[in-house]
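**Q** Need coordinates for the below:
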Amino acid sequence: MTITEEDLRRVKEATDITAVVNEKVGLKRSSSRRIGLCPFHAEKTPSFSVNPALGVYHCFGCGASGDAITFLRETQGLTFVEAVELLASRAGIELTAEDPEAARARQRRATLLEAMERAVAWYHERLLTAPDASPARAYLRSRGYDGEVVRRYRLGWAPRGWDSLASALRLSDDVLQGTGLGYVDDKRRRSDSFRERVIFPILDHQGAPIGLGGRQLPGGRDPKYKNSPETPLYRKKEVLYGLSWARDHVIRHGTAVLCEGYTDVIAFHRAGVETAVATCGTMATEDHVRRLKAFGATRLVLGYDADAAGQGAAARFHAWERAHDLDIRVVALPPGADPADLARENPEALKLAVEEAVPFLSFRLRRVWAGADLRTNEGRARAAEEAVGMVGQHPDPLVRDAYLMEVADRTRIQPDRLRGMSPAASGHGAATPSRLGSAARRRAVDLPPAERAALWFAVNRPEAVAAYLEEELFSHEVAIDAYRALASAETFAEAQANADEDVSTLLASLANEADTGRSRAASLTRAFDDLGNPVTATEETTAAVVQERGLDVVAELVRARAAEVIAAVRLMGQRPEITPDEVTASAEANAFLKANLPALSDRHRRAAALEQLVPWLVRHQREG
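**A** I've put the predicted structure just below:
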């Protein structure tokens, strides 16, 4: 579906960003803004600010910023269209009709999702109450799953009958097969996909059932685990079991724990590791990594025996570290330990193992040292050969060299000799993929204080500076782009939407700075502590103060640009080949600035001086 510009404008205007953010963050009023603990990183002192008037948020701790649409996308994993649709439905706005084919696809998806929800509820009720589910209930109790766990994770029981579900829910053939809940054979006989299995619902990141996992009871028919087939709802290379429960925790902590299966996810969550997710019957793929990165994960902890995945998996992990700016680590479980058993017997040990997870390559080398005989020359040589092969798979030459030094120390072999053995040295090592993008959170652009203060006024109090600000008064490239974005747009939202990422982040930051006294502009000659927070001042007094402070800031910009002109004139005068015209121009410039700059320090003459100086500086810069 395509969102029209008019629909987008209507949705943004009708959306209360404070209400949207309040669903995730406990906001408190602070002057004209709202502040709270950032949902995108762990913190104890609030650095997350929302500007209701301009409809944007900004975290001064991690740099996260955006509008209500961005907030929904980053906290709920929605697409742009899904976020706009959600906000439109809340505001009672009917979006422009989509084309018939897209409408049919949307309706079919809604039908399949509704059928999946009914199926999960039916299986869940069977597990809780049906007599034939007694063996399943006994098995789950033996694994430490009480009623609370069963209800929280909506576990279910698929009975023995061939078409029990299909008949009970009266599903059409199209829906039965479209959801993967069953199939129809060539004689038109309908069968359920899951029979005599404990059911683990597989949910999307928003908590909607899209597939099922089934586990046999002890002594049951193979396979031990069975997942839904690929359907329009369920694509196993993209889906992560447990993401709907782990999502908010991954966003807050920046860490995701990747497990092998459903029971491991539940075990980690029960042990207090609520960032755990699992692939569904497939190895981890780059799509899984992208999905976790979309929720702000910067560290991926492998909650299984990562070394058993083989050399191909190791190369992929190393490539993902580089390509996605990801720190991949491994939980060092005791040999032979099962996360589910450890969670039941010693949950604190499992939690500690996650906290003390080691880098992936370091984990693999530890395995080499543990299995090597480092007392003999032959044992050290074999260990060195195996270790160098592992190190050579890493795409970063600096990381490779650091680990080669460790290998040299352990095996008593010269580092240069080991470097010659490395696959990377011969050009057969791991390729170095290009980086796919910037870090998840952008750092604030460091602008000159006066330029940042001027932009703060342009965003928050434009009436105080609009008559004097010009593009030529700024020197920093990002400040210039920010001014252009504001000057060319009718609204703040339009300016932010049309800006690049650096400028958009800067504008959101400025919109959420309570006043320039608490911003980087505090180093200016005057303090601005009361700006934006007029507790006792009258409206007239406040307007006068705002106007005066705005002129202060513009005056600082003018002084800075004038100083550049004076420096350029001085350099011109030192040139041996200066022309008579240049001598005249230099003298006129010096005389003009000398006559007008002192008035900037006089509050009664400042406005008149700016009316003279700003056009002159603009003309001087444009004419070179």
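**Q** for this structure, what helix or strand is lowest in average pLDDT?
**A** helix 311-323 (a mean of 76; mean pLDDT, DSSP states H and E).
**Q** could you check the distance from the nearest residue in space to Val388 that is not next to it in sequence over to Glu286?
**A** Once flanking residues are discounted, Val388 sits nearest to Met421: 4.8 Å by CB to CB, 6 or more residues apart in numbering. Where you see a C-beta, it was placed from the backbone N, CA and C, and this is true even at glycine. According to CB to CB, to the nearest Å, Met421 and Glu286 sit 30 Å apart.
**Q** between those two, who's got more neighbours?
**A** Neighbour count, other CB atoms under 10 Å: between Met421 and Glu286, Met421 has more, with 18 against 15.
**Q** coming back round to it: buried residues of the least confident helix or strand of the chain, list them for me.
**A** For helix 311-323, burial by neighbour count (16 or more other CB atoms under 10 Å) applies to Ala313, Ala314, Ala315, Arg316, Phe317, His318, Ala319, Trp320, Glu321, Arg322, Ala323.
**Q** Stretch 583-595 now?
**A** Buried-residue list, stretch 583-595, by 16+ other CB under 10 Å: Ser586, Ala589, Phe592, Leu593.
**Q** likewise stretch 405-412?
**A** Buried residues in stretch 405-412 (16+ other CB under 10 Å): Glu406, Val407, Ala408, Arg410, Thr411.
**Q** Mind checking which of those are in helices?
**A** Among the buried residues of stretch 405-412, DSSP state H puts Glu406, Val407, Ala408, Arg410, Thr411 in helices.
**Q** where does the stretch 201-350 of the chain have low pLDDT?
**A** Residue ranges of the stretch 201-350 of the chain with pLDDT under 70: 305-313, 335.
**Q** Tell me which stretches of it form helices.
**A** For the stretch 201-350 of the chain, applying DSSP state H, counting those that start in this stretch gives helices covering 243-253, 262-270, 286-294, 311-323, 339-345, 347-355.
**Q** again, but for the stretch 1-150 of the chain
**A** In the stretch 1-150 of the chain, the helices defined using DSSP H, counting those that start in this stretch lie at 5-14, 17-22, 68-76, 80-91, 100-129, 134-142, 147-152.
**Q** out of those, nearest to Ser164?
**A** Across those, Ser164 has its closest neighbour in helix 100-129 (8.5 Å, CB to CB).
**Q** what angle do that closest one and helix 80-91 make?
**A** On the basis of axes from the mean of the first three to the mean of the last three CA atoms, to 10 degrees, helix 100-129 is oriented at 80 degrees to helix 80-91.
**Q** which secondary structure elements does helix 100-129 contact?
**A** Helix 100-129 is packed against helix 147-152, strand 156-158, helix 164-169, helix 173-179, strand 197-203, strand 209-216, with contacts defined by 3 or more CB pairs under 8 Å, 6 or more residues apart in numbering; DSSP states H and E.
**Q** Would you mind finding the most buried of those?
**A** Among the helices and strands packed on helix 100-129, strand 156-158 has the highest mean neighbour count (mean count of other CB atoms under 10 Å), at a mean of 27.
**Q** now it: how far from the chain's centre is it?
**A** Centre-to-centre, strand 156-158 and its host chain are 36 Å apart (CA atoms, centre = their mean, to the nearest Å).
**Q** Give me the residues contacting that strand.
**A** 120, 122-127, 130, 132-133, 136, 164-165, 192, 194-199, 201, 214 (CB atoms under 8 Å, 6 or more residues apart in numbering).
**Q** Helices - which of the buried residues of stretch 583-595 land there?
**A** Among the buried residues of stretch 583-595, the ones falling in helices (DSSP H) are Ser586, Ala589, Phe592, Leu593.
**Q** residues touching the first one, list them.
**A** This means Ser586. Ser586 is in contact with Val569, Met572, Gly573, counting by CB under 8 Å, 6+ apart.
**Q** most surrounded residue in those?
**A** Val569 (17 neighbours).
**Q** how close does that one get to Tyr139?
**A** 88 Å.
**Q** ditto for Leu300
**A** Counting by CB to CB, the gap from Leu300 to Tyr139 is 32 Å.
**Q** More neighbours: the two, which one.
**A** Neighbour tally, Leu300 and Tyr139, criterion other CB under 10 Å: the higher count belongs to Leu300, 26 against 16.
**Q** Is it correct that the more buried one is in contact with Arg329?
**A** Yes. Contact criterion CB atoms under 8 Å: Leu300 and Arg329 qualify, at 7.3 Å.
**Q** ok so, going back, out of the ones in helices among the buried residues of stretch 405-412, which comes closest to Ala607?
**A** Closest approach between those and Ala607, by CB to CB: Glu406, at 67.6 Å.
**Q** In which helix or strand does Leu506 reside?
**A** Using DSSP states H and E, Leu506 sits within helix 501-511.
**Q** Buried residues in that helix, which are they?
**A** Going by neighbour count (16+ other CB under 10 Å), the buried part of helix 501-511 is Asp502, Val503, Ser504, Thr505, Leu506, Leu507, Ala508, Ser509, Leu510, Ala511.
**Q** Run the chain-centre distance for it.
**A** For helix 501-511, the distance to the chain centre is 17 Å (CA atoms, centre = their mean).
**Q** sorry, back to before: which helices and strands sit right next to the least confident helix or strand of the chain?
**A** If you count contacts as 3+ CB pairs under 8 Å, 6+ apart, helix 311-323 packs onto helix 286-294, strand 327-330, helix 360-371.
**Q** Check which residues of the shortest one are buried.
**A** By 16+ other CB under 10 Å, the buried positions in strand 327-330 come out as Ile328, Arg329, Val330.
**Q** Could you measure from the last one over to Ala246?
**A** According to CB to CB, Val330 and Ala246 sit 18 Å apart.
**Q** before we move on, what about Ser65?
**A** Distance, Ser65 to Ala246, by CB to CB: 24 Å.
**Q** Could you list the alpha-carbon positions for the helix or strand where Gln496 lies in PDB?
**A** Using DSSP H and E, Gln496 sits in helix 492-498. Below are the C-alpha coordinates for helix 492-498, written out as PDB (Å, rounded to 0.1, in the frame of the first residue of the first chain):
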ATOM      1  CA  PHE A 492       8.700  21.600  11.200                       C
ATOM      2  CA  ALA A 493       7.400  18.200  10.300                       C
ATOM      3  CA  GLU A 494       8.000  18.900   6.600                       C
ATOM      4  CA  ALA A 495      11.500  20.200   7.300                       C
ATOM      5  CA  GLN A 496      12.400  17.100   9.300                       C
ATOM      6  CA  ALA A 497      10.900  14.800   6.700                       C
ATOM      7  CA  ASN A 498      12.900  16.300   3.900                       C
END
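**Q** so who does the closest residue to Glu406 other than its chain neighbours touch?
**A** Of all residues not flanking Glu406 in the chain, Leu365 sits nearest, at 6.9 Å (CB to CB, 6+ apart). The contact partners of Leu365, by CB under 8 Å, 6+ apart, come to Ala387, Met390, Val391, Tyr403, Glu406, Val407.
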